[in-house]
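# Sequence plus predicted model, see below.
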Amino acid sequence: MFERVRNALYRDRRRLAFSSALVALATFAGYDFVPDMVPSLPSETLIMIAIIAALPLVTCTFPKQRHAVELAAISNLVFVAIGRFFPNLNFNLANPAVNPLSALLLYLVVIALSALLLRGSWSDRFRKPGTMTETARAYSSLTVEQLWFGLVPMPGHMDKCPDPNIISVEFADPGRRIIRVVSWQPDRLSSVTWLHIEEITPMVSVRLRLEKPEGRGQTRDAGVMAFRLSDEGHRRRIEVTHDVHRPTLRRMMTACVDDTLGRVMDHRLRLVERAVAAARAKSHEARQAPEDLNDLIDTVARQQDRHTGPERCRQPAERSAVTAKV
């Protein structure tokens with residue numbers, strides 16, 4: 001639990017720093033309209049400290065809604081800035097004539113417009129020329145072999161792949177430089193990804209060029225993914241890079257505050273660790289199982305008789321008393 005919270009806070013480091021800076025800027029740029037409860041300490045400062053302290057709790061408790069943190073911080077700053085430039089409007093909460101209901105509606109409108117500008121699909125038509133590189137790093141106590149076959153799809157090792165959504169992994173060419181990965185997708189039943197091996201050093205590093213088929217023999221470039229494993233003695237370091245060609249504007253804005261690749265890496269690493277732990281538990285049970293027929297007979301003989309009648313929930317002494325009475 002502690003490890004997962006620490007990883008979540010680390011993945012949100014840029015989001016928390018960015019949002020905290022915007023909250024502080026909005027506080028210092030806004031008006032002093034809340035009565036001070038502590039002498040010589042503005043109440044707005046106390047509110048700012050409380051909001052900044054609550055940001056990590058929000059991102060850890062509601063990770064799927066983490067994007068709302070920076071969205072709210074940006075909307076708050078925009079709302080305060082409009083109130084500064086137009087003090088007679090309902091954006092200015094320090095105005096005695098302000099209508100609270102109207103100010104609330106205006107605040108919601110600012111949030112909706114900010115969400116449309118920052119998260120709307122309209123910006124997908126605008127792409128950056130060139131390549132955007134995403135990087136992530138993680139650590140694990142598993143062995144290099146367990147991490148290699150757990151994180152890198154390799155034909156012939158499906159039993160070591162922990163991802164339940166992967167249906168098959170196989171070579172697609174005689175030279176064994178192209179891997180075909182079929183995954184289960186709820187909306188399309190299955191999805192195919194082509195992995196072109198550009199560089200590989202087994203158990204150390206691999207560089208894969210990703211392609212997605214789009215019908216009529218066309219494929220879509222999904223970038224280049226690179227993995228590197230380093231043995232540091234008591235732990236192993238996993239380094240991942242993803243080169244995205246011509247990224248969309250929305251993806252670039254999201255990458256500024258969100259460590260999406262790191263979150264994906266943490267999720268896959270948890271799957272690998274769970275699979276290894278389950279395999280160890282299964283192996284331990286197998287070692288404790290009887291080795292031959294005589295051991296099995298002795299084990300059964302040592303077991304107590306099962307009671308299937310009405311007395312099966314009684315204590316042993318009570319069952320003996322019942323048997324004596326009969």
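Right, received. Where do you want to start? Numbers count the residues shown, from 1 in each chain.
# Surely residue 29 and residue 84 touch.
Yes. Between residue 29 and residue 84 there is a contact under CB atoms under 8 Å: 6.3 Å. C-beta coordinates here come from the backbone N, C-alpha and C atoms, glycine included.
# Contact partners for residue 155?
Contact analysis of residue 155 by CB atoms under 8 Å, 6 or more residues apart in numbering lists 169-171, 179.
# I meant to write residue 229 there.
Shown in contact with residue 229 (CB under 8 Å, 6+ apart): 144, 147-148, 203-205, 236-239.
# How much space separates it from residue 236?
Distance, residue 229 to residue 236, using CB to CB, to the nearest Å: 6 Å.
# Also residue 28?
45 Å.
# in the stretch 101-250 of the chain, which spans are helices?
For the stretch 101-250 of the chain, the helices defined by DSSP state H, counting those that start in this stretch cover 144-151, 249-257.
# so where's this structure shaky on pLDDT?
32-39, 186-189, 215-217, 284, 286-326 (pLDDT under 70).
# thinking again about what came up before, of the contacts of residue 155, just the buried ones, PyMOL syntax please.
Selecting only the buried entries of these in PyMOL, with 16 or more other CB atoms under 10 Å as the criterion:
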select buried, resi 169+179
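# Distance from the chain centre to stretch 270-286, please.
22 Å (CA atoms, centre = their mean, to the nearest Å).
# what helix or strand does the nearest residue to residue 99 once chain neighbours are set aside sit in?
Using CB to CB, 6 or more residues apart in numbering and skipping the chain neighbours, the partner closest in space to residue 99 is residue 90 (5.5 Å). Residue 90 belongs to no helix or strand when assigned by DSSP states H and E.
# who's in contact with residue 90?
98-99, 102-103, 106.
# now, among those residues, which is nearest to residue 139?
Nearest to residue 139 out of the contacts of residue 90 is residue 106 (CB to CB; 46.8 Å).
# ok, how many other residues are close to the closest one?
17 (other CB atoms under 10 Å).
# Distance of the residue lying closest to it once chain neighbours are set aside relative to residue 151?
Nearest residue to residue 106 in three dimensions, chain neighbours excluded: residue 90, at 5.7 Å (CB to CB, 6+ apart). For residue 90, the distance to residue 151 equals 53 Å [CB to CB].
# Out of the contacts of residue 155, list just those in strands.
If you go by DSSP state E, these have 169-171, 179 in strands.
# Identify the residues contacting stretch 47-58?
Residues contacting stretch 47-58 (CB under 8 Å, 6+ apart): 9, 12, 16, 19-20, 23-24, 27, 34, 65-66, 68-69.
# Where does the closest residue to residue 114 other than its chain neighbours fall, secondary structure wise?
Leaving aside its chain neighbours, residue 114 sits nearest to residue 75 (4.6 Å; criterion: CB to CB, 6+ apart). Taking DSSP H and E as the criterion, residue 75 maps to helix 67-85.
# OK, contacts around the closest residue to residue 253 other than its chain neighbours?
In space, and not counting its chain neighbours, residue 253 is closest to residue 118: 6.1 Å by CB to CB, 6+ apart. Residues near residue 118 by CB under 8 Å, 6+ apart: 71, 74, 250, 253.
# Just send these back as JSON lines, with distance to residue 131 too.
Below are these laid out as JSON lines (distance: CB to CB, whole Å):
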{"residue": "71", "distance to residue 131": "27"}
{"residue": "74", "distance to residue 131": "27"}
{"residue": "250", "distance to residue 131": "17"}
{"residue": "253", "distance to residue 131": "17"}
